[in-house]
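J.: Only the shape, not the letters, is given here:
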């Protein structure tokens, strides 16, 4: 593919005006890849918004009527509390993000500063090991382990630590725990990368100037690792808020999230306009939150991240 | 190298970090260990149970016994292989364009790549299904492939571009100065330096594809992939064979990761590498290369 494009770009050299000759190679190179993403990612995403403006029903089909009332129907006067689902998902996202920072930071710090160079890669690899187990299986394994007849609760009962009707599955805590478990590496890795970049001489300088260990951490290490935390928060928060799997496998009726609502309204109820409106709303809410977050904590454009 | 001088006293002074790290790692191992263990459990029924009935390899010997599971697994493998190969083939030229040229659409394409990785899967899935329905394309194997390639291109671009930016472009300039045309420069200079990254990108794309549940659940139609099968079965209890497949994927994945890591270490050893710790991180753990790259992008400005 590449070779064909490169060659055609060079053979076309003589026929084109000079400005085109100078500028065309990157366009040739990005033609198929960029086109694919445009056609099958960006255009569908935008057309999703348009589908939400259609009215109709699953039997007679949908027509584009530019009716914005669906948003009012879903989020203001709705039989189904979509606003609750949305807020609940945002809460899970926020709780998961904060907990992952609390768990991931010490781990990343340990790998970056407390072990010999040759142990760093193996220790990072252990953090990633869960990724070699299929996502759905590893989440379902937790539901197997934590279920009422499972290992954990049986053990707790035997030790008489909990009451007879104590359960873990179906609670918000189980969902948040599962989300933290699934996203931990996405937080450890960027924080590690940021910590690893800190120049040791800066820390020495801080100590030479009589900073205590706590001051070195709070006033030097933590500010310098902000970029890592920022990247981690971005990844973990967005993934968690939209995820339908963890809340469905580890949760119950009280943990229904917006991700599940989108999936069900599409795949179970065939309400295409509802699903499209919900996912558009989710995108907009996430976009606004991320934009504010980037303005307040980040210091640069999100688009330059890649 | 951060605080070599202070490392000794600190390591001795505070064991809590080490204890915390290992505690969390042990917790993350629990589901893996349970999966492997219970794939050998001699259950009387064909669903996994909590009670341990003794060790057996019966489920491995009867791996293909469950209706639809093997087929789903084969479908997943096909989708993963095809989407990995295609996304590397069309993602690499895109990465070269983004990594080696400055052009008008560069910012837009970069944002699109980022959005593709960052967008919640459920939104992408719903949008893709709307799109396929509106262009009257029947959902099935083809639409799964199209959607998987669309998200895999983004991962390929991130991996390949990270390697390109670590590569000295003056070697390519030198080749051109010595009279090589762009095609020769690419095949004789760029490609040999780039191919470990292409392999890593392909493996990452394969992993993302074989593990994808959310997007696939929207665009699959009546086709069943391995994650879809597992999710469906999870509601009623998994057949032990699912755990066998999980264990096999786990072990093969580990094997590939080690092979890839060894390959890259050899590749890196042949070049004097200054960015050693980061490169090994990126290569050993290619799953999270996008993460490393995103920190790359955010790191400098926030220091300013």
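T.: Thanks, I have it. None of the values given here were measured: they were computed from a predicted structure.

J.: Now residue B:135. Its backbone dihedrals?
T.: phi -90, psi 10 (degrees, to the nearest 10).

J.: pLDDT value on residue 102, please?
T.: Reading this off chain A. In this model, residue A:102 is scored at 97, pLDDT.

J.: Sorry, I should have been clearer: chain B.
T.: Value for residue B:102, per-residue pLDDT: 83.

J.: if I look at it, how far off is chain A?
T.: Noted for residue B:102: a distance of 8 Å to chain A, by Cβ to the nearest Cβ, to the nearest Å. For the C-beta atoms, the positions are set from N, CA and C on the backbone; glycine is no exception.

J.: what secondary structure does that residue sit in?
T.: coil (DSSP: H, G, I helix; E, B strand; the rest coil).

J.: Please identify the nearest residue in space to it, excluding sequence neighbours.
T.: Spatial nearest neighbour of residue B:102, chain neighbours left out: residue A:26 (7.9 Å); criterion: Cβ to Cβ, 6 or more residues apart in numbering or on different chains.

J.: residues contacting that neighbour?
T.: By Cβ atoms under 8 Å, 6 or more residues apart in numbering or on different chains, the contact list for residue A:26 reads B:97, B:98, B:100, B:101, B:102, B:103, B:105, B:106.

J.: how many neighbours does the last one have?
T.: Spelled out, that is residue B:106. Neighbours of residue B:106 under the rule other Cβ atoms under 10 Å in any protein chain shown: 15.

J.: dump the residue contacts of it.
T.: So residue B:106 contacts A:26, B:97, B:98 (Cβ under 8 Å, 6+ apart).

J.: Go ahead and name everything in contact with stretch A:34-49.
T.: Residues outside stretch A:34-49 that contact it (Cβ under 8 Å, 6+ apart) are A:276, A:279-280, A:283, B:90, B:94, B:105, B:109, B:112-113, B:115-116, B:119, B:123-124, B:126-128, B:130-131, B:134, B:146-147, B:149-151, B:153-154.

J.: Need the contact partners of the host helix or strand of residue A:222.
T.: According to DSSP states H and E, residue A:222 maps onto helix A:222-224. Helix A:222-224 is contacted from outside by A:194, A:195, A:197, A:198, A:202, B:303, using Cβ under 8 Å, 6+ apart.

J.: Please tabulate the residues you listed in CSV, including the columns distance to residue B:168, pLDDT and secondary structure.
T.: Converted to CSV, the contacts of helix A:222-224 look like this (distance: Cβ to Cβ, whole Å; pLDDT from 0 to 100; DSSP: H, G, I helix; E, B strand; the rest coil):
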residue, distance to residue B:168, pLDDT, secondary structure
A:194, 25, 88, helix
A:195, 27, 90, helix
A:197, 21, 85, coil
A:198, 25, 87, coil
A:202, 28, 87, helix
B:303, 24, 31, helix
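
J.: which one among these gets closest to residue A:158?
T.: Comparing the contacts of helix A:222-224 against residue A:158 with Cβ to Cβ places residue A:195 closest, at 41.9 Å.

J.: Next, the contact list for that closest one, please.
T.: Counting by Cβ under 8 Å, 6+ apart, residue A:195 has contacts A:108, A:109, A:112, A:113, A:221, A:224, A:225, A:228, B:2.

J.: Kindly report the same for residue B:63.
T.: By Cβ under 8 Å, 6+ apart, the residues touching residue B:63 are B:70, B:241, B:244, B:245.
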